[in-house]
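Chemist: compute the structure for the input listed below.
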Amino acid sequence: MTVCPIAIVAGCQKCPAFSICPLKTVLGDQPKPGAAPPPPAKK
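Modeler: This is a model prediction of the structure:
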């Protein structure tokens, strides 16, 4: 769930504090390290 207002509008990668943000996997849109990407949705 994305809670960070910058991550909601622009995404974590575009945030000026991305490199030092300790909460990008908790509040932002970055996946946790080692997390598998979700499987593609079937049509």
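
Chemist: could I get the contacting residues of the residue lying closest to residue 12 once chain neighbours are set aside?
Modeler: Spatial nearest neighbour of residue 12, excluding adjacent residues (C-beta to C-beta, 6 or more residues apart in numbering): residue 28 at 4.2 Å. From N, CA and C alone the C-beta is placed, and that goes for glycine too. By C-beta atoms under 8 Å, 6 or more residues apart in numbering, the contact set of residue 28 is 2, 4, 7, 12, 15, 21.

Chemist: look up how far residue 39 lies from the closest residue to residue 23 other than its chain neighbours.
Modeler: Using C-beta to C-beta, 6+ apart and skipping residues adjacent in sequence, the residue nearest residue 23 is residue 4, 7.3 Å away. Residue 4 sits 26 Å away from residue 39, going by C-beta to C-beta, to the nearest Å.

Chemist: what does residue 10 give?
Modeler: 27 Å.

Chemist: of those two, which one has the most company?
Modeler: residue 10 (12 against 6; other C-beta atoms under 10 Å).

Chemist: low-confidence bits of the protein, can you list those?
Modeler: 1, 35-38, 43 (pLDDT under 70).

Chemist: kindly recompute the last result at 80.
Modeler: 1-3, 23-39, 41-43 (pLDDT under 80).

Chemist: quick one on the thing from earlier: buried among the contacts of residue 28? Need that as a selection in PyMOL.
Modeler: Buried residues among the contacts of residue 28 (16 or more other C-beta atoms under 10 Å), as a PyMOL selection:
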select buried, resi 4+7+12+15+21
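
Chemist: which single one of the contacts of residue 28 is nearest to residue 34?
Modeler: residue 12 (17.5 Å; C-beta to C-beta).
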